[in-house]
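got a structure for you, letters missing:
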């Protein structure tokens, strides 16, 4: 994965909530998550819409143009990575694989942190199977 995503994950892992106020900690954490999602998308040649932690704890991961009904999609490799954590496109979270032609979803901010950590170590491979030694377990 890109050095950018790796450095963002390191920054996220090194946040010390004891060294700052809860408000400052939450701001820095959200900043890391937003930058991480943008870096993840960029790694696969995609750009996402502006995101933040919503009141319900979700963050959107929408390919730019999806809200304007443009023909944009995640693609196979990014869909493989996004499938590592539960996410939703409706009322409930699902574990089913993300389809490459999809282009929007909601992910809980705790799952976003897990996704970024997994993605920083993940090398996509269309031929990889769950039995492969390098496979990453789904959460």
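Yes, it's here. Note that this is a predicted model, so its numbers are computed, not measured.

where does the chain have low pLDDT?
For the chain, the stretches flagged by pLDDT under 70 are 1-3, 123-139.

in contact with residue 28, which residues?
15, 20 (Cβ atoms under 8 Å, 6 or more residues apart in numbering). Heads up, the C-betas are built off the backbone N, CA and C, glycines and all.

distance of the residue of the chain most remote from its centre from residue 118?
Using Cα atoms, centre = their mean, the residue of the chain lying farthest from its centre is residue 19. It sits 26.5 Å away. For residue 19, the distance to residue 118 (Cβ to Cβ, to the nearest Å) stands at 26 Å.

what about residue 95, how many neighbours?
By other Cβ atoms under 10 Å, the residues close to residue 95 number 11.

now do the one 10 residues further on
Around residue 105 there are 21 other residues, counting by other Cβ under 10 Å.

and what of the one 10 residues further on?
Around residue 115 there are 27 other residues, counting by other Cβ under 10 Å.

now swap in residue 33 and tell me
Residues contacting residue 33 under the criterion other Cβ under 10 Å number 23.

that's a helix at it, yeah?
Yes: counting by DSSP: H, G, I helix; E, B strand; the rest coil, residue 33 is part of a helix.

would you check that it makes contact with residue 114?
No: the pair formed by residue 33 and residue 114 falls short of the contact definition of Cβ atoms under 8 Å, at 10.9 Å.

check contacts around the residue nearest to residue 88 when sequence neighbours are not counted.
Once flanking residues are discounted, residue 88 sits nearest to residue 106: 5.0 Å by Cβ to Cβ, 6 or more residues apart in numbering. If a contact means Cβ under 8 Å, 6+ apart, then residue 106 has 58, 59, 60, 61, 87, 88, 89 as its contacts.

relative to residue 92, how far out is residue 106?
With distances taken as Cβ to Cβ, residue 106 is found 11 Å from residue 92.

rewinding a little: so the residue farthest from the centre of the chain versus residue 116, what's the distance?
Taking Cβ to Cβ, one finds residue 19 at 21 Å from residue 116.

identify the farthest-apart pair in the contacts of residue 106.
By the measure Cβ to Cβ, 59 and 89 form the most distant pair in these, at 13.6 Å.
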